[in-house]
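Trainee: structure of the sequence below:
(one chain, ligands or ions: 2)
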Amino acid sequence: MKLGRLNHIGVATPSIADSIVHYRDTMGATSIHKPFDLPEQGVKVCFVDTPTDSGMNGTQIELIEPLGEMSAINNFLEKNPLGGQHHVCFEVPDIEEARAEFEVMGKRILGPTRIGAHGTPIFFVHPKDMQGMLTEIMETPKEGAHWSN
Ligand SMILES: CC[C@H](C(=O)O)C(=O)SCCNC(=O)CCNC(=O)[C@H](O)C(C)(C)COP(=O)(O)OP(=O)(O)OC[C@H]1O[C@@H](n2cnc3c(N)ncnc32)[C@H](O)[C@@H]1OP(=O)(O)O
Ligand SMILES: [Co+2]
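Mentor: Ligands and ions are numbered 1, 2, ... in the order given. Below is the predicted model:
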């Protein structure tokens, strides 16, 4: 495994609207994307860009709010009513190669590889096998494939 770019920090919130006010007014965020629903994942999503001095795309905050009763983050918010850091996401060049490496290492991969919020293949690795951090692995978007919502 070779550590890849930290693509985003997933932050669960009971209210994306309130979190936008926080990142805009308390943190001075100047680039907040339009929220959008991912019903198949049971979340509403909003990306907050963090600045970078290299002109490259900076790491993002991925705000996630439950969408419906079956949302995979309802349990998390029951235990953490204010929300908080939910997962980290690192990029890899090849998602299938990465999946095979985690399997060889005996890490529990949660569900099938699927398309995530950036429109590229992802999978999650169980927090209990990752030092307590729910870890999303995401294939780096192909050159020029600019994703924005
Ligand atoms: C933006 C869309 C994005 C995408 O598709 O790109 C997403 O969908 S992200 C949001 C939702 N999707 C996921 O989180 C998928 C992966 N998550 C899971 O499969 C579950 O949430 C899982 C297995 C991590 C936890 O399942 P569940 O919440 O049903 O179980 P428990 O509450 O009993 O938790 C078991 C155990 O794990 C600890 N835990 C749970 N969540 C986290 C977390 N986010 N970070 C660290 N640890 C976590 C929990 O405390 C329990 O530990 P224990 O010591 O037994 O109390
Ligand atoms: Co994510």
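Trainee: measure P93 to T120 for me?
Mentor: Counting by CB to CB, to the nearest Å, the gap from P93 to T120 is 11 Å. To be clear about C-beta, it is placed using only N, CA and C from the backbone, and glycine gets the same treatment.
Trainee: what does this protein put close to ligand 1?
Mentor: Counting by CB under 6 Å from any ligand atom, the chain comes close to ligand 1 at 10, 38, 41, 43, 45, 62, 64, 72-73, 75-76, 86-87, 110, 116-117, 122, 124, 126-127, 132, 134.
Trainee: from these, which land in helices?
Mentor: Using DSSP state H, N75, F76 are the members of the residues of the chain next to ligand 1 that sit in helices.
Trainee: and the residues of the chain next to ligand 1, which are buried?
Mentor: Buried members of the residues of the chain next to ligand 1, counted by 16 or more other CB atoms under 10 Å: 10, 41, 43, 45, 62, 64, 72-73, 76, 86-87, 116-117, 122, 124, 134.
Trainee: what does the longest strand anywhere in the chain rub up against?
Mentor: Looking across the chain with DSSP state E, the single longest strand is strand 84-92. With contact meaning CB atoms under 8 Å, 6 or more residues apart in numbering, strand 84-92 is reached by 3-12, 62, 64, 73, 76, 98, 122, 124, 133-140.
Trainee: that one pairs with which strands, parallel or anti?
Mentor: Strand pairing for strand 84-92, determined by DSSP bridges: strand 6-12 (antiparallel), strand 135-139 (parallel).
Trainee: the first one and ligand 2, are they touching?
Mentor: It stands for strand 6-12. Yes - contact of strand 6-12 with ligand 2 (CB under 5 Å from the ion) involves G10.
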